[in-house]
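**Student:** Have a look at this prediction, sequence included:
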Amino acid sequence: MYPIKLPDSLKTKLEEGGIEVNVKKNIQTDGGKRGGPITWYSSKVKIEENERYRELDYGLDGIAPVNFLLESDFEHFRFIEDYRGVWSKKMGILECEIYEIGGNRYYYDLINKFSQLIIGEKRKIDRDPLEPNNFDDEKIRFNIDEFKGVKLSIGKASKEFDILFYSFEVGIRPYTTTLKIENINIEDHNNAKSTLEEFANSLFFGFELNSGLALGLLKRSENNGIKSKSLRFSESSRKFPTLLYDKNAISLYWFGKATIEMPMIQFLSYYQIIEYFFPSFSYKDAQKNVKELLKDPRFDLNSNSDVIKLIDVIKINKSKRGFGSELAQLKIVLNEILQAEEFIELIRSNSKLLDYFSKKGKDSLSRKLSKKVFNLSSQNDQIINEYAARLYDIRCKIVHTKSSEDSNEGLFPYSPEVSILTNEILVLEEIVVQTLIYTGRTLDVNPKDRV
């Protein structure tokens, strides 16, 4: 292999496809054992994705990768937002990576299952990645019956898909299984995305009913959310534990940790931890309010208005768990656990969170999830109540999904907003941790006293 510049033929190909490309010359002055400087070229191409662009790197350090690009039609394809999928208006093609729900993405397992499902027998596939037959896409794809010229097939990904989603080495391509829709009229990105979802849902539902094989379109992880905590050394990890946590509440915490790939479930798990403490916190709050009311020398048992005030204070929630509405109880817990300054600092200490919650207007991601917003001003003493209203609104969108509810649109597993739910979860998780610590009690190390 020899370091090469971007050939004019490839540059022309990219330009004709409307793809911007930038080539960078890299020089390593210390050539190691070779002695002299080493020169290589890297190329960045920008591919459109629903009015945005994704940048891809290609290290063209050999002839084979260049020929691989030249022999493909990848310049006519664009990304499908939220999915590991591509579409081409010119080629009339949609293609998306798929996986077995509750199973895996392992290529050989999926291909064998498709073989049994579509042709009634397992298909022997050589596992050697250098085996030429493994590069023949048509030989490892299973066609569904055509309808009005539209073709559906499942099998090994096309070279165009591989180029756009996976780095490749000379002569080696990754093993990826995709659903491919061909000869389909596509007007724009949104049309491509909705068409992919509709066809996949119809096809996969039939597969599951007829054969028991449950498939899904693979979603693409985006950086809209905040990454999970990284491992770090801490002297505190050696300390003997001092607190005992409520076993039901902590079980919800661990369940939330286990559902990191399912943000809606994770959000609800964490929310339920706060909800679990509604009765104890609201009873405590009601007792305090009753005492304050009865201690007031102006309180008059013969006054109807004063008696009504007392009734309002001790009004039991309709679920008979705690006092007041669910939102009112949520506010009680959060105001007991959090200080406004601490909450504001939690947001401001993370630049991505600050950007997420501060942006306003139609491009605001946080407003897409909920129009209930809070003011990050340090003078805002109502910020905890404002956050509680937002938290409750998102919870209702997940729980209430009736199609007739016009007042509160539901949040569904594959709604675009779900990809940004991780931002909300990061804040909620920190509040949940504070709640568990606040409600913890001293750990008794004497086992004979423990039931």
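**Tutor:** Structure received.
**Student:** Show the average pLDDT along stretch 187-197.
**Tutor:** Stretch 187-197 carries an average pLDDT of 91.
**Student:** got the domain boundaries for the protein?
**Tutor:** Split into domains by automatic domain parsing, the chain comes to 1-71, 72-220, 235-442.
**Student:** can you pull out the strands in the stretch 301-450 of the chain?
**Tutor:** 441-442 (DSSP state E, counting those that start in this stretch).
**Student:** before we move on, the earlier item: comparing the domains of the chain, which yields the minimum mean pLDDT?
**Tutor:** domain 1-71 has the lowest average pLDDT among the domains of the chain, namely a mean of 64.
**Student:** Can you name every helix or strand that the helix or strand where residue 268 lies contacts?
**Tutor:** Element membership of residue 268 [criterion: DSSP states H and E] is helix 263-276. Using 3 or more C-beta pairs under 8 Å, 6 or more residues apart in numbering; DSSP states H and E, the elements in contact with helix 263-276 are helix 247-258, helix 326-337, helix 383-399, helix 421-439. C-beta: built from backbone N, CA, C; applies to glycine.
**Student:** The last one packs against which elements?
**Tutor:** Helix 421-439 sits against helix 247-258, helix 263-276, helix 326-337, helix 340-348, helix 351-358, helix 365-369, helix 383-399, with contacts defined as 3+ C-beta pairs under 8 Å, 6+ apart.
**Student:** angle of the third one against helix 383-399?
**Tutor:** Right, the one you point to is helix 326-337. 130 degrees (axes from the mean of the first three to the mean of the last three C-alpha atoms, to 10 degrees).
**Student:** So for helix 326-337, what gets flagged as buried?
**Tutor:** Across helix 326-337, burial judged by 16 or more other C-beta atoms under 10 Å covers 326, 327, 328, 329, 330, 331, 332, 333, 334, 337.
**Student:** Can I get that helix in CSV, CA atoms only?
**Tutor:** Output in CSV follows, covering the C-alpha atoms of helix 326-337 (Å, rounded to 0.1, in the frame of the first residue of the first chain):
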residue,chain,number,x,y,z
GLU,A,326,-49.7,13.9,42.2
LEU,A,327,-48.1,17.1,41.0
ALA,A,328,-48.5,18.7,44.4
GLN,A,329,-46.8,15.7,46.1
LEU,A,330,-44.0,15.8,43.5
LYS,A,331,-43.4,19.4,44.4
ILE,A,332,-43.3,18.5,48.1
VAL,A,333,-40.7,15.9,47.7
LEU,A,334,-38.5,17.9,45.3
ASN,A,335,-38.6,21.0,47.5
GLU,A,336,-37.6,18.9,50.5
ILE,A,337,-34.7,17.2,48.7
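**Student:** CA atoms only for the top helix by length along the chain, dumped as PDB, please.
**Tutor:** Counting by DSSP state H, the longest helix found in the chain is helix 189-211. Extracted C-alpha coordinates of helix 189-211, given in PDB (Å, rounded to 0.1, in the frame of the first residue of the first chain):
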ATOM      1  CA  HIS A 189     -35.900  12.700   3.700                       C
ATOM      2  CA  ASN A 190     -39.200  12.700   5.700                       C
ATOM      3  CA  ASN A 191     -40.900  10.600   3.100                       C
ATOM      4  CA  ALA A 192     -38.000   8.200   3.100                       C
ATOM      5  CA  LYS A 193     -38.100   7.800   6.900                       C
ATOM      6  CA  SER A 194     -41.800   7.300   7.100                       C
ATOM      7  CA  THR A 195     -41.800   4.800   4.200                       C
ATOM      8  CA  LEU A 196     -39.000   2.800   5.800                       C
ATOM      9  CA  GLU A 197     -40.900   2.600   9.100                       C
ATOM     10  CA  GLU A 198     -44.200   1.700   7.500                       C
ATOM     11  CA  PHE A 199     -42.800  -1.100   5.300                       C
ATOM     12  CA  ALA A 200     -40.600  -2.500   8.100                       C
ATOM     13  CA  ASN A 201     -43.500  -2.500  10.600                       C
ATOM     14  CA  SER A 202     -45.800  -4.300   8.100                       C
ATOM     15  CA  LEU A 203     -43.100  -6.900   7.100                       C
ATOM     16  CA  PHE A 204     -41.700  -7.500  10.500                       C
ATOM     17  CA  PHE A 205     -45.200  -7.900  12.100                       C
ATOM     18  CA  GLY A 206     -46.000 -10.600   9.600                       C
ATOM     19  CA  PHE A 207     -42.700 -12.300  10.300                       C
ATOM     20  CA  GLU A 208     -43.400 -12.400  14.000                       C
ATOM     21  CA  LEU A 209     -46.900 -13.700  13.700                       C
ATOM     22  CA  ASN A 210     -46.000 -16.400  11.100                       C
ATOM     23  CA  SER A 211     -42.700 -17.500  12.300                       C
END
